[in-house]
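**Q** The sequence isn't on hand, but the structure is:
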């Protein structure tokens, strides 16, 4: 599945990892919203934790077809995501994301807090009000 990516933290345009990982590898970037998640402030980066209510703001990023496989592998390494590994901090999941312009919904890859991390965040994490990590800084 060559899905777009929904990014909400350091991979957003203007943030530290955007140029490192995405510049020159994307065909399109646009504002979007992930419903069914809330955002928590982490140690220099945020976590989206799935929950029935809430919304996270970020960008929907479509990779260039020729860059997709390499980009997916690089983002998995950045997020330290290994399929099925119980030590993951993030899980990569396909979720519906609403395009800011026009309101259409598309499925996209999203790195969300792994279950154990999400439980800790819900218990004692700092929630990002409004769901936009840029507003925290």
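**A** Structure's in. What do you need? Note that the structure is a prediction, hence the values are computed from the model and not measured. Residues are numbered from 1 along each chain as shown.
**Q** and the lengthiest strand in the chain, what's its mean pLDDT?
**A** As assigned by DSSP state E, the longest strand anywhere in the chain is strand 46-63. Average pLDDT, strand 46-63: 96.
**Q** what does stretch 5-23 contact?
**A** Stretch 5-23 is contacted from outside by 29, 32, 34, 39, 44-46, 48, 56-61, 63, 71, 74-75, 78, 95, 97, 108-110, 133-134, using Cβ atoms under 8 Å, 6 or more residues apart in numbering. Placement of C-beta: from N, CA and C, glycine included.
**Q** give me that answer again for 7 Å
**A** For stretch 5-23, the external contacting residues (Cβ atoms under 7 Å, 6 or more residues apart in numbering) are 29, 32, 34, 39, 45-46, 48, 56-61, 74-75, 78, 97, 108-110, 133.
**Q** gap between the two ends of it?
**A** 14 Å (Cα to Cα, to the nearest Å).
**Q** ok, now stretch 87-106?
**A** One end of stretch 87-106 to the other measures 29 Å (Cα to Cα).
**Q** Name the strands paired with the longest strand of the chain and say parallel or antiparallel.
**A** strand 5-7 (antiparallel), strand 26-41 (antiparallel) (DSSP bridges).
**Q** Now whichever helix or strand comes after that strand: buried residues?
**A** Next along the chain after strand 46-63, taking DSSP states H and E as the criterion, comes helix 68-78. Of the residues in helix 68-78, 68, 71-72, 75-76, 78 count as buried by neighbour count, 16 or more other Cβ atoms under 10 Å.
**Q** Could you give the average pLDDT over helix 68-78?
**A** Average pLDDT, helix 68-78: 97.
**Q** what comes into contact with that helix?
**A** By Cβ under 7 Å, 6+ apart, helix 68-78 touches 2, 5, 17, 21, 25, 63, 92.
**Q** ok, the very next helix or strand once past that helix: who's next to it in the sheet?
**A** Where DSSP H and E defines the elements, the next helix or strand beyond helix 68-78 is strand 90-99. Strand pairing for strand 90-99, determined by DSSP bridges: strand 26-41 (antiparallel), strand 105-113 (antiparallel).
**Q** and residue 46, what does it touch?
**A** 8-9, 39-40, 128, 133.
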